[in-house]
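K.L.:
sequence? don't have it. structure:
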């Protein structure tokens with residue numbers, strides 16, 4: 001497998017990395033501290049068969065790994081790894097190593113699923129960015145003087161995997177807007193509470209966005225498809241589509257009606273029953289949703305929850321309330337648990 005050779009600074013790689021790091025900083029995953037901190041300038045690793053990389057061609061089923069020989073006495077506990085699964089990027093920082101270290105100690109491993117490898121020297125260490133063509137978790141280990149990173153299929157580590165999708169986001173997609181409130185903000189807060197609840201359970205959760213940013217529809221559903229998740233749950237609010245409030249109210253669940261297994265519909269039934277019961281909202285039905293991109297392109301059981309109407313004053317008051325958002329999140333969690341017991 002080939003990785004394009006870029007010997008000098010490449011503005012495209014630089015821009016892409018800066019966007020990644022800003023996203024991680026905004027989410028609290030990374031904290032650069034001083035705003036004048038040195039920004040990494042990535043250089044593409046040469047062809048995977050050349051220094052500073054010695055990569056083996058791999059076939060389906062081969063164990064995947066990356067390894068780097070470390071100096072004697074190197075403290076591996078200082079190595080920092082960030083797995084940005086939304087971008088399929090693994091960012092590894094080796095403190096106290098320089099970019100030139102790779103010249104004498106090339107990165108080794110298997111080439112399977114690698115789209116690109118880039119590296120940058122900083123005053124605080126060597127940073128290596130590996131972009132994969134699918135979603136991985138990772139495990140680490142040491143053998144002699146070598147440090148190993150093993151990209152791992154999430155299903156080998158977790159029995160249950162769910163992708164949640166807080167709808168809309170960013171300037172490009174605020175969603176419905178009513179009385180100064182944006183649907184994207186409500187969707188995100190419910191998603192954040194749900195993410196926290198699921199993170200404390202035995203269900204591994206992935207989310208399509210971690211801040212108020214625009215995420216393309218293709219990227220949202222490809223996360224669930226690449227993971228072969230057990231289910232995809234998109235979170236939204238409804239509206240009458242008019243510029244005035246009215247009495248339209250209740251909870252609707254749309255499902256992927258192209259799913260011939262019937263699992264999406266069954267998931268929708270459980271979701272609607274749980275939400276309308278817990279929240280006391282009118283159950284408006286489980287509705288075909290093949291006209292919605294993230295549903296018709298789902299390769300896993302998929303639903304989209306319209307929690308309530310922003311164009312109904314009572315429901316809007318609830319939807320913007322943190323306590324109500326937490327109730328919604330808890331109810332969706334209970335529905336997910338039920339789905340594992342009754343549907344999947």
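P.N.:
Yep, it's here. Just so we're clear, the structure is a prediction, and the values are computed from it rather than from any experiment. Numbers count the residues shown, from 1 in each chain.
K.L.:
show me the helices in the chain, by range?
P.N.:
Secondary structure of the chain (DSSP state H): helices at 11-27, 101-104, 183-199, 217-227, 263-279, 293-296, 313-319, 322-342.
K.L.:
so what's residue 98 scoring on pLDDT?
P.N.:
At residue 98, the model reports a pLDDT of 88.
K.L.:
what's the pLDDT at the nearest residue to it once chain neighbours are set aside?
P.N.:
Of all residues not flanking residue 98 in the chain, residue 121 sits nearest, at 5.4 Å (CB to CB, 6 or more residues apart in numbering). Where C-beta positions appear, they are placed from N, C-alpha and C, glycine not excepted. pLDDT for residue 121: 83.
K.L.:
where's residue 121 relative to residue 323, distance?
P.N.:
For residue 121, the distance to residue 323 (CB to CB, to the nearest Å) stands at 49 Å.
K.L.:
check residue 303 too.
P.N.:
Remark: distance between residue 303 and residue 323 (CB to CB) = 24 Å.
K.L.:
neighbour count winner among these two?
P.N.:
Comparing residue 303 with residue 323 by other CB atoms under 10 Å, the one with more neighbours is residue 303, at 30 against 7.
K.L.:
list the beta-bridge partners for residue 138.
P.N.:
residue 151 (DSSP bridges).
K.L.:
what sits against it?
P.N.:
81, 83, 90, 149-152 (CB atoms under 8 Å, 6 or more residues apart in numbering).
K.L.:
mind redoing it with 10 Å?
P.N.:
Going by CB atoms under 10 Å, 6 or more residues apart in numbering, residue 138 touches 64-66, 81, 83, 90, 92, 130, 148-152, 157.
K.L.:
of these, closest to residue 235?
P.N.:
For the contacts of residue 138, the residue nearest residue 235 by CB to CB is residue 83; the value is 23.3 Å.
K.L.:
ok, the closest one touching residue 135?
P.N.:
Yes: assessed by CB atoms under 10 Å, residue 83 is found in contact with residue 135 at 9.2 Å.
K.L.:
mean pLDDT for the helices of the chain: which is lowest?
P.N.:
Lowest mean pLDDT of these: helix 11-27, a mean of 42.
K.L.:
turn the helices of the chain into TSV, including distance to residue 250.
P.N.:
Converted to TSV, those look like this (distance: least, CB to CB, whole Å):
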stretch	distance to residue 250
helix 11-27	33
helix 101-104	59
helix 183-199	16
helix 217-227	25
helix 263-279	8
helix 293-296	20
helix 313-319	8
helix 322-342	14
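K.L.:
ok, which of those helices comes nearest residue 239?
P.N.:
Per CB to CB, nearest to residue 239 of the helices of the chain: helix 183-199, 7.6 Å.
K.L.:
specify the angle between the closest one and helix 322-342 in degrees.
P.N.:
50 degrees (axes from the mean of the first three to the mean of the last three CA atoms, to 10 degrees).
K.L.:
tell me what helix 183-199 is packed against?
P.N.:
For helix 183-199, the packing partners by 3 or more CB pairs under 10 Å, 6 or more residues apart in numbering; DSSP states H and E come out as strand 161-166, strand 177-178, strand 204-207, strand 231-238, strand 302-309, helix 313-319, helix 322-342.
K.L.:
what pairs with the fourth one, parallel or antiparallel?
P.N.:
In the sheet containing strand 231-238, its partner strands are strand 161-166 (parallel), strand 302-309 (parallel), by DSSP bridges.
K.L.:
on that earlier part again, same list, the helices and strands packed on helix 183-199, but as JSON lines with distance to residue 115 please.
P.N.:
Converted to JSON lines, the helices and strands packed on helix 183-199 look like this (distance: least, CB to CB, whole Å):
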{"stretch": "strand 161-166", "distance to residue 115": "21"}
{"stretch": "strand 177-178", "distance to residue 115": "38"}
{"stretch": "strand 204-207", "distance to residue 115": "19"}
{"stretch": "strand 231-238", "distance to residue 115": "24"}
{"stretch": "strand 302-309", "distance to residue 115": "26"}
{"stretch": "helix 313-319", "distance to residue 115": "40"}
{"stretch": "helix 322-342", "distance to residue 115": "32"}
